[in-house]
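Colleague: Please find the sequence and the predicted model below.
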Amino acid sequence: MNQLASRFRVKSIELNHFKCFENLRLDFDRGTELGGNWTCIAGINGAGKSSILQAIALLGLGDYFSVELGRTRLFGFTWRQGMEPVGSFALRADVETGGSRQELQFYSDGGWSRNKGIAEKYLILGYGPSRTFARQANEGLANLSLECARVYSLFETLTPLVSQQQFMQRGGEAPAGFERLFSEVIRGVLKEELALGEGLNFTQDGAVVGAEELPDGYRSTVAWLADLVWNWTKMRPEGGSASEIEALVLIDEIDPHLHPQLQRTLVPRLRKVFPGVQWIVTTHSPLVLSCFDKNEIILLDRDREGGVERLEHQVFGLPVNQVMERLMGARASGAALEDMLAEAEADRGQRGRVVSLLSQQEPILSPVEIGERLRRLKK
């Protein structure tokens with residue numbers, strides 16, 4: 001096996017004075033009732049989900065490769081406006097490689113020790129929230145080392161990942177096993193929703209569609225799946241099976257633009273197709289969150305001790321409305337009806353209109369649920 005294919009796992013990470021975190025320690029090794037090695041980070045906008053993925057990527061790159069990101073990306077955003085600048089940050093992680101433990105460190109004022117992290121030995125891939133295909137090969141990525149290019153979109157979110165041209169231009173030609181393995185992955189992850197045809201084109205509803213012309217949700221998912229398979233087969237041209245792929249994959253917003261049906265099936269399918277991958281992902285989707293064991297979820301909350309809310313009850317299988325209300329602190333219903341109820345409470349003349357609208361929701365809402373809403377009008 002190629003040296004880059006050796007298995008490793010990130011066990012924990014600690015952030016000090018990094019972006020919005022004064023101090024945060026996260027454990028990625030808490031056990032699960034489900035298969036695979038997954039962590040899903042959730043929290044409100046601005047909670048620091050993306051920052052955690054960036055910190056893991058920096059630790060993997062070490063200062064040797066991370067310098068390619070440029071000074072602005074490394075140091076220009078190490079704290080947020082309104083926070084007291086500290087001028088430096090420190091990151092630390094415990095990883096397991098081949099049964100032995102290793103500590104990784106990254107200091108913004110460490111004098112650039114030429115530390116290569118572990119990205120030169122192990123496959124680390126990072127994908128920002130705006131991933132997509134490009135019509136032309138991305139020349140900016142071509143000027144980076146492979147180690148840095150593999151996580152670049154976490155720091156420059158509008159960076160296109162791959163194109164049909166890139167498969168042919170990187171290293172001269174696509175690895176021999178790429179198309180066969182990519183086809184296996186698409187069948188396993190997208191199943192009947194999308195089929196891979198000849199020349200890296202797709203078939204959807206009987207029509208042939210180029211990768212860059214796919215609907216947004218499919219295009220985003222296909223782009224990072226293609227990049228993962230390309231990087232693996234570049235190291236192992238024969239490809240092998242998807243179950244043999246070993247990597248650390250960081251994904252910011254794993255579900256953008258996907259239909260709810262695919263949101264609820266994506267993670268279970270990835271568990272089966274890629275059992276050897278360690279996944280650390282973020283999401284705002286209650287459908288995605290409901291696919292995780294409680295020990296796989298890191299729920300960021302600055303008001304809690306340690307900055308994380310500990311989940312006492314199991315999550316996977318919960319109805320979406322309960323995930324939204326219990327984990328995400330959001331109402332499961334839209335605000336339009338609440339606005340109408342408020343108007344009816346202020347103006348009794350509006351009451352008949354709201355009662356009529358509520359009666360139209362049966363049988364979607366049970367009579368009991370409708371009655372509870374009507375009782376609000378009598379206050």
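Modeller: Good, I have the coordinates.

Colleague: Double-check residue 221 against residue 190; I have them as touching.
Modeller: Yes. The criterion here is C-beta atoms under 8 Å, and residue 221 meets it with residue 190 at 7.3 Å. For the C-beta atoms, the positions are set from N, CA and C on the backbone; glycine is no exception.

Colleague: which of these two has more neighbours?
Modeller: Higher neighbour count among residue 221 and residue 190: residue 221, with 25 against 21, using other C-beta atoms under 10 Å.

Colleague: and the gap between that one and residue 258?
Modeller: Here the criterion is C-beta to C-beta, to the nearest Å. By it, residue 221 lies 7 Å from residue 258.

Colleague: which residues are in contact with both of these two?
Modeller: Both residue 221 and residue 258 are contacted by residue 266, under the criterion C-beta atoms under 8 Å, 6 or more residues apart in numbering.

Colleague: Neighbouring strands - and their directions - for the biggest strand by length in the chain?
Modeller: Determined from DSSP state E, the single longest strand within the chain is strand 8-18. Here strand 8-18 is paired, per DSSP bridges, with strand 21-27 (antiparallel), strand 90-97 (antiparallel).

Colleague: Which positions within the helix or strand following the longest one qualify as buried?
Modeller: With elements assigned by DSSP states H and E, the helix or strand that comes after strand 90-97 is strand 100-107. For strand 100-107, burial by neighbour count (16 or more other C-beta atoms under 10 Å) applies to 104-107.

Colleague: What of stretch 176-184?
Modeller: Across stretch 176-184, burial judged by 16+ other C-beta under 10 Å covers 177-179, 181-182, 184.

Colleague: quick one: terminal-to-terminal distance for stretch 344-360?
Modeller: This stretch, stretch 344-360, spans 17 Å end to end (C-alpha to C-alpha, to the nearest Å).

Colleague: one step back: make TSV from the buried residues of stretch 176-184 and add distance to residue 202, pLDDT and secondary structure to it.
Modeller: Formatted as TSV, the buried residues of stretch 176-184 follow (distance: C-beta to C-beta, whole Å; pLDDT from 0 to 100; DSSP: H, G, I helix; E, B strand; the rest coil):
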residue	distance to residue 202	pLDDT	secondary structure
177	20	84	coil
178	16	86	helix
179	13	84	helix
181	16	92	helix
182	11	91	helix
184	15	94	helix
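
Colleague: For these, which two are the farthest from each other?
Modeller: 178 and 184 (10.9 Å; C-beta to C-beta).

Colleague: got any residues that touch both of these two?
Modeller: In contact with both residue 178 and residue 184: no residue, using C-beta under 8 Å, 6+ apart.

Colleague: ok so, going back, between the buried residues of strand 100-107, which sits nearest residue 340?
Modeller: Distance ranking of these against residue 340, using C-beta to C-beta, places residue 106 first at 52.5 Å.
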